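Student: Predicted coordinates and the sequence they were generated for:
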Amino acid sequence: SSPPFRPLMCLTLVFCVVSVTNAPPPHSTMRPGSPIPVNTDSPGVRKAARLGVYRYNNSSNDLFLFKESQIKKAMVQIVRGLKYMLHVEIKRTVCEKRDHSSLDSCRFQRKKNLQQMLRCYFEVWITPWIHKVHIPVAHCH
């Protein structure tokens, strides 16, 4: 007998997921729709981290913009789009919010008394086919 057909779904060339029609073996931890680790340097993860930072900057009352300095851990879940779960370190930049600078051109603070690093957990839900982004969780401390 031949193995069951498993269509391959590739999203944004970052990773591919096999959709399994039969139940996984009992010892398997992978279930359809469960979060899977993804490379912290992938374009999709970097974009999601930046979206989380925008959300943080919009809600903070800091004079300066923050920017991601390191993505520590990334998971993604396929659920009506891509839901990223990210652990990100963000740092204060030299750019003031009122300047509306592009974060790409903002350097991190060098003045000791102005330097600040925060650890954040972001959940970023991207539904590409309707151009929708939802960020239900953005916790930084």
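Tutor: Yes, it's here. Owing to the predicted nature of the structure, the values given are computational and were not obtained by experimental measurement. Numbers count the residues shown, from 1 in each chain.

Student: Next, the contact list for the spatially most central residue of the chain, please.
Tutor: Note on the chain: the residue nearest the mean C-alpha position is residue 48, at 3.6 Å, using C-alpha atoms, centre = their mean. Residue 48 sits next to 74, 82, 84, 86, 122, 124, 126 when contact means C-beta atoms under 8 Å, 6 or more residues apart in numbering. For every residue, glycine as well, the C-beta is placed using N, CA and C.

Student: and the second one, how many neighbours?
Tutor: Which is residue 82. 21 (other C-beta atoms under 10 Å).

Student: for it, which residues make a bridge with it?
Tutor: residue 78, residue 126 (DSSP bridges).

Student: Verify the contact between it and residue 126 for me.
Tutor: Yes - at 5.0 Å, residue 82 counts as touching residue 126 under the criterion of C-beta atoms under 8 Å.

Student: Mutual contacts of the two, please.
Tutor: 44, 48.

Student: May I have stretch 133-141 as CSV, with CA atoms only?
Tutor: Only the C-alpha atoms of stretch 133-141 are listed here, as CSV (Å, rounded to 0.1, in the frame of the first residue of the first chain):
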residue,chain,number,x,y,z
VAL,A,133,-1.8,42.3,11.2
HIS,A,134,-3.1,41.8,14.7
ILE,A,135,-0.8,42.1,17.8
PRO,A,136,-2.8,40.7,20.7
VAL,A,137,0.2,40.6,23.1
ALA,A,138,3.1,43.0,23.5
HIS,A,139,4.6,42.7,27.0
CYS,A,140,8.0,44.4,27.7
HIS,A,141,9.8,44.7,31.0
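
Student: which residues touch the strand or helix carrying residue 139?
Tutor: In this structure, residue 139 sits in strand 132-140 according to DSSP states H and E. The contact list for strand 132-140 (C-beta under 8 Å, 6+ apart) reads 51-52, 55-56, 59, 81, 90, 118-127.

Student: are any of those residues buried, and which?
Tutor: 51-52, 55-56, 81, 90, 118, 120-126 (16 or more other C-beta atoms under 10 Å).
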